[in-house]
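>>> quick check, what structure comes out for this input:
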Amino acid sequence: MSAGRIIGYIGAAILIFFGVLFIWATFSPQGSTGWLLVGLILVGIGFGLIWLASRGARSAPAQPGEVNLKIDLSGEVNLESFKCQSCGSPLSSENITMVAGAPVVNCPYCGTSYQLTEEPKW
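The predicted structure is shown next:
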């Protein structure tokens with residue numbers, strides 16, 4: 001849950017709490033009818049904040065089972081010169097997948113699959 005959503009829920013809880021107190025105080029012997037209006041406005045704003053915070057949760061639909069993995073390779077990688085080890089055909093980043101935590105290259109031309117290894121720079 002994001003920090004903005006948590007702050008929204010906490011703010012809504014505070015507004016609803018004080019709104020209910022104002023509504024409750026309206027019916028006390030020292031109460032005023034103006035307090036009822038203030039209480040209803042505070043409760044309404046509180047529920048509005050809850051609605052906004054929950055709406056933000058549904059704005060980005062989650063894809064169940066989909067995992068995005070970003071690979072940060074040490075050193076410079078030049079994908080324009082990335083070629084298949086078997087047939088020498090050019091490959092792109094779409095041909096690299098992660099299998100059991102290791103990058104695997106699948107060549108669409110010859111069908112060869114092999115693990116991508118990084119050679120040291122020194």
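>>> buried sites along the helix ranked longest in the chain?
Ranked by residue count and defined by DSSP state H, the top helix of the chain is helix 33-58. Within helix 33-58, the residues scored as buried using 16 or more other Cβ atoms under 10 Å are 35, 36, 38, 39, 42, 43, 46, 49, 50, 53. Any C-beta I mention is one placed from the backbone N, CA and C, and that applies to glycine too.
>>> any idea of the mean pLDDT in it?
Mean per-residue pLDDT for helix 33-58: 89.
>>> elements contacting that helix?
Helices and strands touching helix 33-58, by 3 or more Cβ pairs under 8 Å, 6 or more residues apart in numbering; DSSP states H and E, are helix 3-26.
>>> just the endpoints, please. Distance across stretch 83-97?
16 Å (Cα to Cα, to the nearest Å).
>>> just to revisit the earlier point, report the angle between the longest helix of the chain and helix 3-26.
Compare the direction of helix 33-58 with that of helix 3-26 by axes from the mean of the first three to the mean of the last three Cα atoms, to 10 degrees and you get 160 degrees.
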